[in-house]
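> okay, sequence plus prediction incoming.
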Amino acid sequence: MPPNQALATSAVVTRLGGGVVAAARLCVIVPAVFIVVYFLLVAVSPRSFVPVWLWTERAVVSAGILGVLWIFARHPWHSRRPEGLTHALLVSCTLLLPALVTAFWPGVVGALVTPLLVAGSAAAERFRRA
């Protein structure tokens, strides 16, 4: 990336949908990919480091869940969301897998909150229009 190019206009961010859509997708992708890194680190490091990697994975999952919740709080209504954001918010249920891998039960519950809120806001918007 050239030094004068802003991060928001980089090729990766543009390819992920740009702006808030890219942020929501990264909140889902990073914890899911970090599972592989977690297993590799656990396999090659001494047993005394395993709790460190476990809590690092839990922190990454928590950051992803909080990021998606924050984005939903900023864009609660489907009709006012940027294109692709609803899909990115609904796919955040995949954060369930990294939370289950690390037995992080608050993460398991938290991973289901955003998709339920998105579905609930879509239903509320439909009833409000009818």
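Noted; the coordinates are in hand.
> where does this protein have low pLDDT?
1-18, 130 (pLDDT under 70).
> change it to 90
Scanning the chain for pLDDT under 90 picks out the ranges 1-26, 38, 42, 45, 49-50, 75-89, 92-93, 101-104, 121-130.
> all helices for it, in order.
11-15, 19-44, 50-74, 85-90, 96-101, 105-129 (DSSP state H).
> report how many residues lie close to the residue lying closest to Leu54 once chain neighbours are set aside.
Nearest residue to Leu54, sequence neighbours excluded (Cβ to Cβ, 6 or more residues apart in numbering): Thr102, at 5.7 Å. Every C-beta, even on glycine, is put in place using the N, C-alpha and C of the backbone. A total of 21 residues lie near Thr102 under the criterion other Cβ atoms under 10 Å.
> ditto for Cys93
The burial count for Cys93: 17, using other Cβ under 10 Å.
> what do you get for the one 5 residues further on?
Applying other Cβ under 10 Å, we find 26 other residues in the vicinity of Pro98.
> distance of the residue nearest to Val91 when sequence neighbours are not counted from Pro106?
In space, and not counting its chain neighbours, Val91 is closest to Val28: 5.8 Å by Cβ to Cβ, 6+ apart. Val28 is 18 Å from Pro106, where distance means Cβ to Cβ, to the nearest Å.
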